[in-house]
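Novice: Here is my input, please return the structure:
(one chain, ligands or ions: 1)
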Amino acid sequence: MSGQGENGPRHESQTTEVNPDQSTLKRHRRSWWLLAVLFFLLVLLLDLAFRFGPELLERRKFDSHFALFSPIDLASLPTATRFDFPIGSEHGAMAYNAQRFTESLHLGDDLNGIGGENSDLGDPVFAVADGQVVTAREGGPGWGNVIIVLHAYPENGVRRYVQSFYGHVQTMLVAPGEMVRRGQQIATVGTGGGKYWAHLHFEMREFVTPYIGAGYRKETRGWLDPSAFIEAHRGAPDEDVGRSAP
Ligand SMILES: [Zn+2]
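Specialist: Residues are numbered from 1 along each chain as shown. Model (predicted):
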């Protein structure tokens, strides 16, 4: 009995001695777990900061392709009182139309110098009217460089908007946001990066969105017959000498 009695307390004392050890061990384990979780969270946060930090802190770059015109932008456009042809003479002489608007679903006119083939390569391309450049960039496959100019013009007392579109140009002499004058040289005739004989793919559009698109489309709503539009809006007074010398 006494042995058991002695054993009993000894056993009890053993367990009471073991218990604090186990609890400190448990506490240590818990703090290690906590440290591991904190470390994991820290690594996760650093990783997220490293991944998304530059993007979140970067100032948004202006991409003219997605820019929309505010009413103030539209109101500040100069009023174009007359339009000229973009290559050859301002009346359209010295140029011919190789593929007309809507011919084979064409959204523009393919204007060429009368010499044919690459004789017009590098010839000046002129802004058809006063306006603001909205796009001047590589237009994607099949395009080469593309320039879009937005114009405001009066028609029957109403201020209307129209875009002139210059495709496959070689050298671009203007940048997005720049104001241009009618007859100002904005580019040179190109080959769309060697894809075609040099020519100017010229469109006139009734919308203001700086949309490049495909050049060919069954649905032509929003696109105008470019040469017919220019002819109808020549508005050149007799004393007007046309475009200024480059
Ligand atoms: Zn074309």
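Novice: Doesn't residue 28 lie inside a strand?
Specialist: No. Read with DSSP: H, G, I helix; E, B strand; the rest coil, residue 28 is helix and lies in no strand.
Novice: Use 311 as the first number from now on
Specialist: Yep, numbering from 311; the last one is residue 338 now.
Novice: can you count the residues close to it?
Specialist: Counted with other Cβ atoms under 10 Å, residues neighbouring residue 338 total 10. Every residue, glycine included, has its C-beta placed from N, CA and C.
Novice: now do residue 542
Specialist: 12.
Novice: Name the helix or strand of the protein that has the lowest mean pLDDT.
Specialist: Ranking every helix and strand in the chain by mean pLDDT, DSSP states H and E puts helix 312-367 at the bottom, with a mean of 74.
Novice: Moving C-terminal from that helix, which element do we reach first?
Specialist: Once helix 312-367 ends, the next helix or strand along the chain (criterion: DSSP states H and E) is helix 381-385.
Novice: Need the residues that contact that following helix.
Specialist: 462, 471, 518 (Cβ atoms under 8 Å, 6 or more residues apart in numbering).
Novice: Whichever helix or strand comes after that helix pairs with which strands?
Specialist: Downstream of helix 381-385, the next assigned helix or strand under DSSP H and E is strand 405-409. Its sheet considered, strand 405-409 pairs with strand 419-423 (antiparallel) by DSSP bridges.
Novice: Most proximal residue of the chain with respect to the ion?
Specialist: In the chain, the residue found nearest to the ion is residue 511; the distance is 3.4 Å by Cβ to the ion.
Novice: residues near that residue, how many?
Specialist: 27.
Novice: Can you name the residues that contact it?
Specialist: 418, 419, 420, 475, 476, 477, 478, 502, 525.
Novice: Most neighbours among these, please name it.
Specialist: When neighbours are taken as other Cβ under 10 Å, the top entry among the contacts of residue 511 is residue 476 (30 neighbours).
Novice: what pairs with it across the strands?
Specialist: Taking DSSP bridges, one finds residue 457, residue 512 as the beta-bridge partners of residue 476.
Novice: and it, how far is that from residue 484?
Specialist: Using Cβ to Cβ, to the nearest Å, residue 476 is found at 10 Å from residue 484.
Novice: Now the common contact residues for these two.
Specialist: Common neighbours of residue 476 and residue 484 (Cβ under 8 Å, 6+ apart) are 457, 496, 497.
Novice: Now for residue 521: which residues touch it?
Specialist: residue 515.
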